[in-house]
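*Asks:* following is a predicted model, sequence given first.
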Amino acid sequence: MTASATATPGGPPNVTLRHSPWLALITLCLGFFMILLDTTIVNIAIPNMIDKLGASFDEILWIINAYILIFAVLLITAGRLGDLYGPKRLFIIGLIIFTLASAACGLAQTPGQLITFRVIQGIGAALLTPQTLSTITMIFPPEKRGAAFGIWGSVAGLATIAGPTLGGWLVTNWDWRWIFFVNVPVGIATLTLAAVALPDIQLHRRHQLDWVGTALATLGLFLVCFGLIEGEHYDWGTVTGPITIPLIIGSGVLVLAVMLWQQYLQRDGEPLIPFTIFADRNYSLMNAVVAAIAFGMFGLFLPLTIFLQSVLGLTALQAGLTFAPMSLVSVFVAPFAGRFADKVGGKWILFAGLLLWTIGMWTLVEFTTVDSTRWSLLPSLLIAGFGLGMTFAPLQTIAMLNIHPQVAGAASGFINTTRQLGAVIGSAAVGALLQAQLATQLPESAKENAAALPAQFRDQFVEGFSNAASSGLQVGAGQTGVQLPADIPEQVKPTILEAATKTFHEGYVAAMHYTLLLPLCVLAVAVLLVLLVRRQPSSAGGAEPASAAAASASQAA
């Protein structure tokens, strides 16, 4: 028999736990870990999938993006469902769907089957994820919430390590199917714990879902995310007939604008997105900050991962292990930062953490050269990891402290959706900018290095890199970025290959340095936004009770 929690209409839940809330936190973190793991682990298995499943590159893109797309689109709706029907119920339903879909992914025989099961995985992930934040908000008092959010946030750092490293080990020793099969025993263990450790929190809400708002939010987010994910594939132009990527994204933005207007009209009823959550300035600011962090993180790691494999010649597993020290430091620091935030407040810890992370990533970019090694990047990664560990707990504490328990699911779903949108926009924007920079930098580098070649090959050499930059680079580990013609005489092949390698390395590093100014600037904006946070009382000074904070937010609304 599990503990229960009830609420009077309009009041906070009176949570009674038969087990330690820390056991519930472990359960929530296990589920959250699996969800995050599957956003990164698939990338490491791409070559194995292409070989053994017979998947085309377009199919591989959908195997990766189908999960992310459905995950991002359904988060707001799933958070609201948790408010209506209880977070424990939605957590368990999402976990069952995700675990069964993981087993089905491992058994898939065709790329089409795998894409379908990845969509179902995304549905389970979306149902589960918002319930983690909302449950933590309701079972921990404000003075202990920072430590809890710190542990919850450190799971993100652990997943970044486990994705490439665990995935590389599984694929090397077995094959791609085991990156999905590994979820099954973890899912079963988490289900068992969830049945025992999670409280059955009932908020006595009217069981009514805003179907119009749900439909508009789902359609709008789908169009925006689809356009951003597929934009580079279609060269940001025509998809089919009169339908273009800008038209798809613009339509999605228009639908979301209509949805917000409809939500405002429904604000006195039971909307999908309760506008009361935005009455708290800190929550609104943290949505902007979390989007900027996701933009910066995904925007930075995409070019750097290519740099590690294509310029430094590391394997995928070695590239993943290069980032491991940063993630390990962040995992270690996050719980301590959370407890410290409980005592002194989270604003300045978050400010210091974001500043350190931005400085660490800036020095990493500044010191990357064609002659870099993994070890030369280590000091910058350690600084960035220390800063990143100081952002997890304070950010969530600041965002969720004054959120009324009856709308905690909606608030959690919205901030998680904001994070996913920031990641998608960051990847798309940085990918497009990197491609544009390569089209400029590679021909320039080719002209400089062509001087070392026999005169009759120079024009062909420069033309080859100019065409490759605009029509598709070969950027796997140990490749030069362009396919060399087969009819090159054997006696000059070594010279041309050496010049091609040097051209790609120098051109890519120059393009990367210009490109990464964008995510670094976005992170700098996030640092400044933290200065606008209204400081909350610390537990030492008497933390504001959740009920009083919620009442203040309602009055402000």
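*Replies:* Yep, it's here. Residues are numbered from 1 along each chain as shown.

*Asks:* when you work out contacts or count neighbours from here on, use the C-alpha atoms and nothing else.
*Replies:* OK.

*Asks:* let me see the mean pLDDT of the host helix or strand of L193.
*Replies:* Assigned by DSSP states H and E, L193 falls within helix 183-197. Averaging pLDDT along helix 183-197 gives 88.

*Asks:* repeat that for stretch 314-330.
*Replies:* Rounded mean pLDDT across stretch 314-330 is 78.

*Asks:* pull the distance from it to the chain's centre.
*Replies:* Offset of stretch 314-330 from its chain centre (C-alpha atoms, centre = their mean, to the nearest Å): 17 Å.

*Asks:* got the contact list for it?
*Replies:* Stretch 314-330 has contacts (C-alpha atoms under 8 Å, 6 or more residues apart in numbering) with 44, 154, 157-158, 160-161, 164-165, 168, 305, 308-309, 374, 378, 381-390, 477.

*Asks:* mind running it again at 6 Å?
*Replies:* 157, 161, 164-165, 168, 308-309, 381-382, 385-386, 388-389 (C-alpha atoms under 6 Å, 6 or more residues apart in numbering).

*Asks:* out of these, who's the most crowded?
*Replies:* Within these, most neighbours by other C-alpha atoms under 10 Å means G389, with 32 neighbours.

*Asks:* circling back to that earlier point, buried residues in the helix holding L193?
*Replies:* Using 16 or more other C-alpha atoms under 10 Å as the test for burial, helix 183-197 gives 183-184, 187, 190-191, 193-197.

*Asks:* my guess is L221 meets L75, correct?
*Replies:* No: L221 is beyond contact range of L75, at 10.2 Å (criterion: C-alpha atoms under 6 Å).

*Asks:* settle it for me: which of the two has more neighbours?
*Replies:* Taking other C-alpha under 10 Å, L221 and L75 do not tie; L75 has more neighbours (30 against 23).

*Asks:* measure stretch 178-185 end to end?
*Replies:* 12 Å (C-alpha to C-alpha, to the nearest Å).

*Asks:* tell me the helices and strands packed up against the host helix or strand of G422.
*Replies:* G422 belongs to helix 408-449 when elements are defined using DSSP H and E. Applying 3 or more C-alpha pairs under 6 Å, 6 or more residues apart in numbering; DSSP states H and E, we find helix 408-449 packed against helix 57-85, helix 111-139, helix 281-306, helix 455-471, helix 493-515.

*Asks:* same thing but 7 Å
*Replies:* helix 57-85, helix 111-139, helix 211-230, helix 281-306, helix 455-471, helix 493-515 (3 or more C-alpha pairs under 7 Å, 6 or more residues apart in numbering; DSSP states H and E).

*Asks:* and the angle from it to helix 281-306?
*Replies:* 30 degrees (axes from the mean of the first three to the mean of the last three C-alpha atoms, to 10 degrees).

*Asks:* for this structure, what helix or strand is lowest in average pLDDT?
*Replies:* helix 546-556 (a mean of 31; mean pLDDT, DSSP states H and E).

*Asks:* in CSV: the contacts of stretch 314-330, plus distance to W348, secondary structure and pLDDT.
*Replies:* Output for the contacts of stretch 314-330, formatted as CSV (distance: C-alpha to C-alpha, whole Å; DSSP: H, G, I helix; E, B strand; the rest coil; pLDDT from 0 to 100):
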residue, distance to W348, secondary structure, pLDDT
G157, 21, helix, 63
I161, 27, helix, 64
P164, 32, helix, 70
T165, 33, helix, 73
G168, 38, helix, 70
L308, 34, helix, 82
Q309, 37, helix, 74
L381, 22, helix, 90
L382, 20, helix, 92
G385, 17, helix, 87
F386, 15, helix, 89
L388, 14, helix, 84
G389, 14, helix, 83
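
*Asks:* so where's the stretch 301-450 of the chain shaky on pLDDT?
*Replies:* Along the stretch 301-450 of the chain, the model assigns pLDDT under 70 to residues 316-317, 342, 405-406, 409.

*Asks:* hmm, back to that, which one of the buried residues of helix 183-197 is nearest V424?
*Replies:* N183 (24.4 Å; C-alpha to C-alpha).

*Asks:* for the closest one, give me its contacts.
*Replies:* Counting by C-alpha atoms under 7 Å, 6 or more residues apart in numbering, N183 makes contact with 34, 99, 102.

*Asks:* relative to T190, how far out is it?
*Replies:* 10 Å.

*Asks:* residues near A524, how many?
*Replies:* 18.

*Asks:* so which bits of the helix or strand it falls within are buried?
*Replies:* Assigned by DSSP H and E, A524 falls within helix 517-530. By neighbour count on 16+ other C-alpha under 10 Å, the buried set for helix 517-530 is 518-520, 522-524, 526-527, 529-530.

*Asks:* tell me how far D210 lies from F278.
*Replies:* For D210, the distance to F278 - C-alpha to C-alpha - is 19 Å.

*Asks:* what does L114 give?
*Replies:* 39 Å.

*Asks:* more neighbours: which of these two?
*Replies:* L114 (24 against 18).

*Asks:* tell me the confidence at that one?
*Replies:* 91.

*Asks:* in three-state terms, label V239 for me.
*Replies:* strand (DSSP: H, G, I helix; E, B strand; the rest coil).

*Asks:* great, nothing more from me.
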